[in-house]
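> one predicted model, sequence on top.
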Amino acid sequence: MKRNAPPPKGVRSMSSLTAECAGLDSGPEQEITKKGVRLVFIAFARIRQFQGHPFRLYTGERFSDMVESIRQNGILMPLIVRRIFGDPAHDYEMLSGHNRMNAGQSVGLEGAWCVVKEGLSDAEAMMYVIETNLLQRSFSDLLPSEKAAVLALRYSEMFSQGKRNDIQRELEALECGDTCGSDFHKCADETCGSDFHKSRNRDVLGEDYALTGRQVATYLRINRLCDGLKLRLDEKQLTQASAVSLSYLSDSDQLAVHAALLRYQRKPADAQMAAVRKLAETGPLTEDSIMGLLQKKASSPPPKALSIQSAVYTPYFASGTPKKEIERVIGEALALYFSQPREESA
């Protein structure tokens, strides 16, 4: 019989937490507090996916492995959610744990233990989403659209390096569980104010990720694409140069391009996407106008100029014969030559 793997060092299993909660009367939501961390057991049905989630969720073998792990051990790490209002179907929005929730639902779990964040702004919520993903994967392993999302947030005027530091410490404390002491929610005064990120130089930002300022600029343009075009870029059905050209289009024009590319079913050339951008300057794009441009045959290149050495034709012309006269005679000679029937080569 296959034995369940023990939980990672410093992480308490969900069965342990559930046992501790037995007999507690905390209303519709069970909750416990461990060393300053308030954990609430929340039904998955009350949690919605993060709106505009910039990272691809697990699929295939990677998702299957997570499903099997949760089937054997449960969800070992608490999820992180924020309380939301105005959504009649949900009370919370996922910040960290999209894949764990999906895998848990696949094995029949109804909910999980969560850390609940109150009063987060959209920018702060996005920081949680991005920082939790960067803890799991290196920046170099991210897809182009995911890199673009990370850099766009870091470049944003709303980005606070101090707040980011606080979130990183909080996530690291949560990851190491009971070994981290009781200062999980501690927020150092020097980092928690309104110290927004002022240095928005692309070269400086690029140094953090081994990128040039020009590469950072490219990713910032990519982040302006609609989801469909981002997906094409991630799947290598669109080059970065084409993505940059399309990033200058309006949202409606980008959607028209995406619809046209679904019909075109081929990887467009950079020149074609540059032409689409040029076409957009004349008025709103339509799917048909884009298809007409994509299906337009490229014009044949002009013939290369041929230079004939003077030794070839001077024996046939008197000295001082004008150039135009020589060209006329050569043209007539070629016309006569190609008008004669010739035997097919064997």
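Structure received.
> what stretches of this protein score poorly on pLDDT?
Applying pLDDT under 70 to the chain flags the ranges 1-28, 34-35, 157-163, 173-200, 297-303, 342-346.
> run the chain-centre distance for stretch 326-337.
62 Å (Cα atoms, centre = their mean, to the nearest Å).
> how about that stretch, which residues are buried there?
By neighbour count on 16 or more other Cβ atoms under 10 Å, the buried set for stretch 326-337 is residue 326. C-beta here means a position set from N, CA and C on the backbone, and glycine is covered the same way.
> what ranges does the stretch 101-250 of the chain have for its strands?
111-117 (DSSP state E, counting those that start in this stretch).
> helices along that one, start to end?
122-136, 144-155, 161-176, 202-207, 213-222, 227-234, 240-246 (DSSP state H, counting those that start in this stretch).
> now the ones you listed as JSON lines including distance to residue 254?
As requested, these are exported to JSON lines (distance: least, Cβ to Cβ, whole Å):
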{"stretch": "helix 122-136", "distance to residue 254": "21"}
{"stretch": "helix 144-155", "distance to residue 254": "14"}
{"stretch": "helix 161-176", "distance to residue 254": "30"}
{"stretch": "helix 202-207", "distance to residue 254": "23"}
{"stretch": "helix 213-222", "distance to residue 254": "12"}
{"stretch": "helix 227-234", "distance to residue 254": "6"}
{"stretch": "helix 240-246", "distance to residue 254": "6"}
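> residue contacts, residue 107?
By Cβ atoms under 8 Å, 6 or more residues apart in numbering, the contact set of residue 107 is 67, 70-71.
> for these, which one is nearest residue 208?
Nearest to residue 208 among these, counting by Cβ to Cβ, is residue 70 at 33.8 Å.
> got the angle between the helix or strand hosting that closest one and strand 111-117?
Secondary structure assignment for residue 70, by DSSP states H and E: helix 60-73. Angle of helix 60-73 versus strand 111-117, following axes from the mean of the first three to the mean of the last three Cα atoms, to 10 degrees, is 100 degrees.
> hmm, back to that, give the buried subset of the contacts of residue 107 as a ChimeraX selection command.
Buried subset of the contacts of residue 107, written as a ChimeraX selection, criterion 16+ other Cβ under 10 Å:
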select :67,70
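> neighbours of residue 338, just the number please.
Using other Cβ atoms under 10 Å, residue 338 is surrounded by 8 other residues.
> out of the helices of the stretch 101-250 of the chain, flag the one nearest residue 115.
Nearest of the helices of the stretch 101-250 of the chain to residue 115, taken as Cβ to Cβ: helix 161-176 at 6.7 Å.
> doesn't residue 81 belong to a strand?
Yes: applying DSSP: H, G, I helix; E, B strand; the rest coil, one finds residue 81 inside a strand.
> next up, the contacts around the nearest residue to it once chain neighbours are set aside.
Nearest residue to residue 81, sequence neighbours excluded (Cβ to Cβ, 6 or more residues apart in numbering): residue 92, at 4.1 Å. Each residue near residue 92 by Cβ under 8 Å, 6+ apart is listed here: 42, 46-48, 81-84, 114, 116.
> can you tell which of the helices of the stretch 101-250 of the chain is closest to residue 75?
Across the helices of the stretch 101-250 of the chain, residue 75 has its closest neighbour in helix 161-176 (13.4 Å, Cβ to Cβ).
> who's residue 94 bridged to?
Taking DSSP bridges as the rule, residue 94 bridges to residue 81.
> surely it meets residue 104?
No: counting by Cβ atoms under 8 Å, residue 94 stays clear of residue 104, with 11.9 Å between them.
> for residue 120, give its distance to residue 93.
9 Å (Cβ to Cβ, to the nearest Å).
> between the two, which contacts overlap?
residue 82.
> compare the two and say which is more crowded by neighbours.
Neighbours were counted for residue 120 and for residue 93 using other Cβ under 10 Å; residue 93 has more, 19 against 16.
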